[in-house]
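Asks: next input, structure requested:
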Amino acid sequence: MLRAVALYAILLALFRLTGRRSLRETTPFDLVLLLVIGEATQQALLGNDFSMVNAVVVVVTLLLMDVGMSLLKQRSATAGRLLDGVPTILVADGRPLEDRLRRARLDIEDVLQAARERQGIARLEQIRWAVLEADGTISVIPADRS
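Replies: Predicted structure coming up:
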């Protein structure tokens, strides 16, 4: 039990120091990082005394890599595009862009669901732009109502 409390305190301190984003803003790299951290901490909780040190070293290394990647993305737009991806327009002026929808493995119903949830839009013609954001959400900009 003391190991779990110690590991929790260490992880909490490290996540606070590295300024973790909310889960809604989690990138694919963040998800992989959290999965690997989970595996490392599991080994520390169930393994022998030496694995606790190894887990902390692994977690610190991964978090430092995450901070380094964030700094790299701030300094290089190309690195940001490679690591996080770029937004993709799915609908333009009420017309679905079929090739982009197919490449994103989405269909028009996914776009319409996002339009209903976020903008109260029921028909495709009411959408000016629908954009698949780099974080996986779909942003919808309504057409002019005039």
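
Asks: rest of the way, CA atoms for contacts and neighbours
Replies: Noted.

Asks: I'd like the next helix or strand past the top helix by length along the chain.
Replies: Secondary structure assigned by DSSP state H gives helix 49-75 as the longest helix of the chain. The first helix or strand that comes after helix 49-75 along the chain, using DSSP states H and E, is helix 77-84.

Asks: can you classify Ala134 as helix, strand or coil?
Replies: coil (DSSP: H, G, I helix; E, B strand; the rest coil).

Asks: for it, what are its contacts?
Replies: Contact analysis of Ala134 by CA atoms under 8 Å, 6 or more residues apart in numbering lists Asp84, Gly85, Val86, Pro87, Thr88.

Asks: give me phi/psi at the fourth one?
Replies: What it means is Pro87. Main-chain torsions, Pro87, degrees, to the nearest 10: phi -60, psi 150.

Asks: same question, the second one
Replies: When quoted as degrees, to the nearest 10, the phi and psi of Gly85 stand at phi 90, psi 180.

Asks: quick one, grab the pLDDT at it.
Replies: Gly85 carries a pLDDT value of 79.
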